[in-house]
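>>> fold the following and give me the result.
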Amino acid sequence: TSSSSSSPPRIERRAESAACTPSRTQADSAASDAAATAAVAAAAAESANAPALAAAEARRKHWLRGLVGEEWLLLSTLGVLVAVISYALDYVIALLHSLRADMVRAESQHHARFGMWVFFAVGCVFMATLTTQTISPHAVGSGIPQMKIILRGISLREYLSFNTLLAKVFGLVFAVGSALPVGKEGPFVHIASIVAELLVRGNVVGGAYFNEARRTEMLAAACAVGVASNFGAPIGGVLFSIEVTSTYFAVRNYWRGFFVSVVGALVFRLFSAYIASERTLTAMFTTSFHSYSYEISEFFVFGVIGVVCGVAGALFVFTHRKLIEYRRQLSGQTLTALRSHYVYPTACALLIATLTYPDLIGKYMGMTQREEIHTLFSTTPLQCIEQWRGKNVFFSLVVFMFFKFFCTVLAVTLPIPSGVFFPVFVLGAGIGRFFGEAMAVVFPRGLSSGGTAVINACAEGGVGHIVAGGYAVIGAAAMAGSVTHTISTSVIVFELTGQIHHILPVMIAVLISNAVSQKLSPSFYDSIVQIKGLPYLPDLRKGATYNTMVSHLMLRNVAYVSLSSTYRQLAQLLRTTSFDMYPLVESPVRMVLLGSVSRRELQLMLIRKGVTIVDDESGEEESGDDGEVWWSHTHRRHTVTEGVSLNDSMEHEVVDFTGVLVDPSPFQLVERTSLHKVHTLFASLGLRQAYVTSVGRLVGVVGLKEVRRAVEAAGVRRFERSQSHSQNDV
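Below you'll find the predicted structure:
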């Protein structure tokens, strides 16, 4: 009954709805027409206003550039962005370290704490490896060697892309967060360079930087802020970036590097002061050395520290190189496992985490690198510091230095973003602290025996006593300088500690360590360039560079184009060679050099004649055992399409160079130019090749490969072995 009584209303509502449908459809149609008309009108209005909006946007950008200055605005933006990224990375890395400590403390069983310690390190390294291998293999390693090549004018494909930035940032967080002995200084130079490249490509403030010369200036400034924003050291950052990336530095870029470094360091320090609720800006590793913290008679010991650090730095570079060579020489299943992108990093992370477990060797092995620097730079005797208490200080320092050396060499070979500066900085601090502690034991009242009364074993020494922390500062600067072949580490250490009392000892030790290490081996960055086969130009060593002439190393069989060349000869030249530039001569008989013409221009000439050109570019990448793309080289195969033939008239028709872009003044050398001058020209001007002429006649060509081989043959260091990279040469 209830269902029958409710049915009629439903039927009525359905009928009513059906009756209303036509009118609603008409209303909806009218509304749709009105909306479409309004949309068309809006689109028309928008298109009409588009020029006005574009002009307003251009005026806004022009007003901003005019108010601040285009260069100042771009450099300020770069400095702020890099500083923000640097502080964000430090913050996340500190959270990871804190998380690891909390996870270990939460376990009550010894084996559980050990398992958690190892699991965290291996997991972070695995994530760092996964990030770089899936997003961009170009993010592996330091970044400074590649930037050195890019600033020479050589393009490394995809190395400054957005994907590489993502892989570098996230991979670096996991790599440093794993507590492995790797730094973020070198990788951050790479990150800052990518940010600068993206700002230039994005045309953020205008088009003045949208050319190769200004782009290089921007990248040079980015390298400086990459170091400065890590340490809060603008002066040392600029000098360090110049030393490690430039053979010759344009002084006009000096102010750009300093300005962007000051901006980056200031923003970084402001963030640190704000988060830590500090009243003023402080140094990263503040020390409290008194004004008379060393005596004149101690300078001999400082010199010994320089010699020891110089030998240790050369040994570090040598060991790193030999480890990579050893991995290459392995074969079979062992080779497959060690070359795996995940097996080798996991095994190395497991080994390093085991060695650094606090309850295995000592608590001093389980500290973070910043904690290690704080304790080693401290004026408090090591035996009074918790992590070093209860053990023989000298034996503990020897163990610490040995395993720090071994673990650092192993860690920087992993396919993860990794810097070498800070780990060797810590290693050098350990070497210096060893000397300082030994001097404090041998001379408890100071070298002149003029110190105050015998003090408490755990009290800080007064005036006249040996300051072991000062020795650690000297050793840190000397070791970092010997590995990187830089003097600016002395300036960085002053900005890090906030004191310059040890300016003379530090400078003497750094200079001596550099002299020793440069005699024995290349710098760590130059060694990587050589190992990876990147196109580079080594420094001149002592040798017969003045007696070696360009005629001894040039190539005499030169592929050229002449004014009398036919289209058939031109097509044959493009089919059999793959050069980017060709010399243009007057005739095959006289060989008078008129200029140079690019391959693309020659292709366009054939295309205008109706010849189809197949430009097959197959990218080939040389990869290393660690999975990083070492050097991308493009092999071009330019051929005339099969089935298309030149007619009889074109076969004998002389090429018409009317309208062709010809460089009328390619770089030229004479046959009697010395190797010393050739090296200077190639290094200062960033040349890739130069034509050799005699009384205006083309007699040969010399490229970067020939100059490099001649320089290597002129003088080779004791630990440096010349390698052939013909497959990767430019």
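>>> just the buried positions in the helix or strand hosting residue 124, please.
Following DSSP states H and E, the helix or strand that holds residue 124 is helix 110-135. Using 16 or more other C-beta atoms under 10 Å as the test for burial, helix 110-135 gives 113-114, 116-118, 120-122, 124-133, 135. Any C-beta I mention is one placed from the backbone N, CA and C, and that applies to glycine too.
>>> off-centre distance for that helix?
24 Å (C-alpha atoms, centre = their mean, to the nearest Å).
>>> could you say what helices and strands it packs with?
In terms of contacts (3 or more C-beta pairs under 8 Å, 6 or more residues apart in numbering; DSSP states H and E), helix 110-135 is packed against helix 70-106, helix 162-177, helix 343-355.
>>> let me see the mean pLDDT of it.
For helix 110-135, the per-residue pLDDT values average out at 90.
>>> angle of it against helix 162-177?
170 degrees (axes from the mean of the first three to the mean of the last three C-alpha atoms, to 10 degrees).
>>> contacts only, for the residue positioned nearest the centre of the chain.
Computing the C-alpha centroid of the chain and ranking residues by C-alpha atoms, centre = their mean puts residue 143 first, at 2.0 Å. Taking C-beta atoms under 8 Å, 6 or more residues apart in numbering as the contact definition, residue 143 lies against 168, 186-191, 193, 417.
>>> quick check: pLDDT value at residue 79.
In this prediction, residue 79 has a pLDDT value of 90.
>>> please report how far the residue nearest to it when sequence neighbours are not counted lies from residue 228.
Of all residues not flanking residue 79 in the chain, residue 263 sits nearest, at 3.0 Å (C-beta to C-beta, 6 or more residues apart in numbering). Taking C-beta to C-beta, to the nearest Å as the criterion, residue 263 is separated from residue 228 by 9 Å.
>>> which of the two has more neighbours?
The residue with more neighbours, out of residue 263 and residue 228, is residue 228; 35 against 24, by other C-beta atoms under 10 Å.
>>> in three-state terms, label the closest residue in space to the residue nearest to the centre of the chain that isn't next to it in sequence for me.
Counting by C-beta to C-beta, 6+ apart, residue 190 is the residue found nearest to residue 143 once chain neighbours are left out, at 2.7 Å. Counting by DSSP: H, G, I helix; E, B strand; the rest coil, the backbone at residue 190 sits in helix.
>>> ok, residue 190 - contacts?
139, 142-144, 146-147, 164, 168, 226, 417.
>>> if we go to 7 Å?
Neighbouring residues of residue 190 by C-beta atoms under 7 Å, 6 or more residues apart in numbering: 143, 147, 168.
>>> and if you look at residue 691?
583, 593, 666, 668, 698, 701.
>>> flag the shaky bits of the stretch 451-600 of the chain, pLDDT-wise.
When residues are selected by pLDDT under 70, those of the stretch 451-600 of the chain lie in 451-464, 541-545.
>>> now the helices for it?
468-484, 489-497, 503-520, 524-531, 567-576, 599-608 (DSSP state H, counting those that start in this stretch).
>>> just these: most buried one?
Relative to the other members of the helices of the stretch 451-600 of the chain, helix 468-484 carries the highest mean neighbour count by mean count of other C-beta atoms under 10 Å, namely a mean of 32.
>>> the inter-axis angle of that helix versus helix 524-531?
Following the same axes, to 10 degrees, one obtains 30 degrees for the angle between helix 468-484 and helix 524-531.
>>> now do helix 468-484: which elements does it pack against?
Here helix 468-484 is seen to pack against helix 299-329, helix 421-442, helix 489-497, helix 503-520, helix 524-531 when contacts are counted using 3 or more C-beta pairs under 7 Å, 6 or more residues apart in numbering; DSSP states H and E.
>>> how about a markdown table for those, with distance to residue 159 added?
Converted to a markdown table, those look like this (distance: least, C-beta to C-beta, whole Å):
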| stretch | distance to residue 159 |
| --- | --- |
| helix 299-329 | 20 |
| helix 421-442 | 20 |
| helix 489-497 | 26 |
| helix 503-520 | 28 |
| helix 524-531 | 14 |
